[in-house]
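S.K.: Predicted model, plus sequence, below.
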Protein chains: 2
Amino acid sequence: MSRVECQTEDMSLRHAVLGLLEECPMSGYDLLKRFEQAMSNVWAATQSQLYGELGKLETGGLIRVHAEGPRGRKEYEITEAGRAELRHWLVDVEPNRVTRNESLLRVYFLGAVGPERAREYLEYLGETGRRRSGRLEDLETSIDWGDDDASVYGRLVLEWGKRFSAMQREWAEWAVKQVE
Amino acid sequence: MSRVECQTEDMSLRHAVLGLLEECPMSGYDLLKRFEQAMSNVWAATQSQLYGELGKLETGGLIRVHAEGPRGRKEYEITEAGRAELRHWLVDVEPNRVTRNESLLRVYFLGAVGPERAREYLEYLGETGRRRSGRLEDLETSIDWGDDDASVYGRLVLEWGKRFSAMQREWAEWAVKQVE
DNA sequence: CCCAGACGTTCCAACTCTGACATGTCGAAA
DNA sequence: TTTCGACATGTCAGAGTTGGAACGTCTGGG
């Protein structure tokens, strides 16, 4: 069996882990930091979810323990089966994730709280966009970019985030004017 | 007890339902159609989730059956407690929903499949943006907009979607060039 | 020497969400 | 009159997700 059976065809977290391990071997702790930093703008994962997934992936033979370190540290590496599963997901499984945007959901119902509150909220969204822009710029300078694939595609993702933030800020400014 | 206890402070679906019922009384079936149409760009919900939530909301006293129709149809209306909960959520609870973007997650790992596949995928994302733009424009013309709150804020949400789609399309075109 | 803080893993209960299956009614057209 | 499609709701197992508690180890500064 070259890959773990998956009923839902979803499980993006699993593939996020495989993708990161494809880059280089890491422990759960290292992965967690990656999810909190660069990945936080794209896919969130908690510690309990992560360690659980690592266990399942190891059982399924998609990753294996590559080295052990102090404090029970276990460094995982991706296996050939894991690489196959990652490529399968990237190529054959079409993106499916349903849209869910709580911030925007609230905008729908702003009528329930009156124009002043609505305006406040829209300004808050604009501010959120600005702050996000700032964080992404900090992130950009803090990473030392190379010519490897991870850098090339990482830059694409970062650029997406910057454009998204800018869009949100501009939209919020426009929206405030509409409400007035 | 003026509102249902909520441990997670999340439960956006609950508030989406309250928000729609604040506009006007509806049955589960009606709500489902709303979620499939206009709301689909903002918050997804399945039928089972929806009927389950309606049951919980009724038990909690946030909504009540307003009228019954043929085929067991139950039209719900929001109660005063429900309105209070909706306003509480809009004003006091800060948006918390974690970011999760499967499409973008894939971009991170495109190095694993080679530049041709990567290019294909980025072009697919651009196409997705274009299609989404088209659907939103269809939606815009199919709705008869008024001067009520629902129309005003609905337009804001629609505009967000249009800007988002345009951004995604432009980014994808740029990204394809970067990969080459 | 001690201890705070970073490192590092494991487990759990409760909740959300998905994708079915199940059940039945009404209206209109063939 | 039958039958089909829209209307309408209810329930369930299984997977994903959250937030926290619990536990132990190493390192450096006071």
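M.R.: Structure received.
S.K.: What ranges does chain A have for its strands?
M.R.: Assigned by DSSP state E, chain A shows strands spanning A:26-27, A:63-68, A:74-78.
S.K.: In JSON lines, list those strands along with mean pLDDT and distance to DNA strand C.
M.R.: Where you see a C-beta, it was placed from the backbone N, CA and C, and this is true even at glycine. Putting the strands of chain A into JSON lines (pLDDT from 0 to 100; distance: least, CB to the nearest atom of the strand, whole Å) gives the following:
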{"stretch": "strand A:26-27", "mean pLDDT": "96", "distance to DNA strand C": "4"}
{"stretch": "strand A:63-68", "mean pLDDT": "96", "distance to DNA strand C": "9"}
{"stretch": "strand A:74-78", "mean pLDDT": "97", "distance to DNA strand C": "4"}
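S.K.: Kindly present these as a markdown table, with separate columns for distance to B:A112.
M.R.: Listed next are those as a markdown table, based on distance: least, CB to CB, whole Å:
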| stretch | distance to B:A112 |
| --- | --- |
| strand A:26-27 | 16 |
| strand A:63-68 | 15 |
| strand A:74-78 | 10 |
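S.K.: The longest helix along chain A near chain B at all?
M.R.: The longest helix of chain A (DSSP state H) is helix A:149-179. Yes - applying CB under 8 Å from any CB of the partner chain, one finds helix A:149-179 touching chain B at A:149-150, A:152-157, A:159-160, A:163-164, A:167, A:170-171, A:174-175, A:178-179.
S.K.: follow-up on the earlier one: how about the strands of chain A, which one is nearest B:L32?
M.R.: Closest to B:L32 of the strands of chain A is strand A:63-68 (CB to CB; 40.5 Å).
S.K.: ok, residues contacting that closest one?
M.R.: When contacts are defined by CB atoms under 8 Å, 6 or more residues apart in numbering or on different chains, strand A:63-68 is touched by residues A:17-18, A:21, A:25, A:54, A:57-58, A:74-79, A:82.
S.K.: and that strand, which residues are buried?
M.R.: Buried positions in strand A:63-68, judged by neighbour count with 16 or more other CB atoms under 10 Å in any protein chain shown: A:I63, A:H66.
S.K.: That strand pairs with which strands, parallel or anti?
M.R.: Its sheet considered, strand A:63-68 pairs with strand A:74-78 (antiparallel) by DSSP bridges.
S.K.: Wondering if the partner strand reaches DNA strand D at all.
M.R.: No - Strand A:74-78 stays clear of DNA strand D (CB under 7 Å from any atom of the strand), getting no nearer than 12.4 Å.
S.K.: Count the neighbours of whichever residue of chain A sits closest to DNA strand D for me.
M.R.: In chain A, the residue that lies nearest DNA strand D is A:S48 (2.9 Å; CB to the nearest atom of the strand). For A:S48, the count of nearby residues is 8 (other CB atoms under 10 Å in any protein chain shown).
S.K.: contacting residues for it?
M.R.: Not one residue lies near A:S48 by CB under 8 Å, 6+ apart.
S.K.: partners of the spatially closest residue to A:E22 that is not a sequence neighbour in the sheet?
M.R.: Distances taken as CB to CB, 6 or more residues apart in numbering or on different chains place A:I78 nearest to A:E22, at 5.2 Å, with adjacent residues excluded. Listed by DSSP bridges, the beta-bridge partners for A:I78 are A:I63.
S.K.: Buried subset of the residues of helix A:149-179 next to chain B, written for ChimeraX?
M.R.: Here is the ChimeraX selection string for the buried members of the residues of helix A:149-179 next to chain B, based on 16+ other CB under 10 Å:
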select /A:149,150,152,153,154,156,157,159,160,163,164,167,171,175
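S.K.: Which residues lie in contact with the residue nearest to A:G126 when sequence neighbours are not counted in this structure?
M.R.: In space, not counting the residues next to it along the chain, A:G126 is nearest to A:A172; the distance is 3.2 Å by CB to CB, 6+ apart. Shown in contact with A:A172 (CB under 8 Å, 6+ apart): A:L122, A:E123, A:L125, A:G126, A:G129.
S.K.: switch the cut-off to 10 Å
M.R.: A:A172 sits next to A:103, A:107, A:121-130, B:156, B:160 when contact means CB atoms under 10 Å, 6 or more residues apart in numbering or on different chains.
S.K.: Same check on A:V176?
M.R.: Taking CB under 10 Å, 6+ apart, we find A:V176 in contact with A:A118, A:R119, A:E120, A:Y121, A:L122, A:E123, A:L125, A:G126, B:L156.
S.K.: Would you mind measuring from the first one to B:G82?
M.R.: A:A118 sits 20 Å away from B:G82 when distances are taken as CB to CB, to the nearest Å.
S.K.: Compare those two (neighbour count), which wins?
M.R.: Under the neighbour definition other CB under 10 Å, A:A118 and B:G82 were set side by side, and B:G82 has more, 27 against 24.
S.K.: What pLDDT is listed against that one?
M.R.: Looking at B:G82, its pLDDT is 95.
S.K.: Could you find the closest non-adjacent residue to it?
M.R.: B:L62 (3.7 Å).
S.K.: Those residues of chain A touching DNA strand C, which are they?
M.R.: Residues of chain A found near DNA strand C (CB under 7 Å from any atom of the strand) are A:8, A:10, A:27-30, A:47-48, A:51-52, A:54-55, A:69-74, A:96, A:98, A:100.
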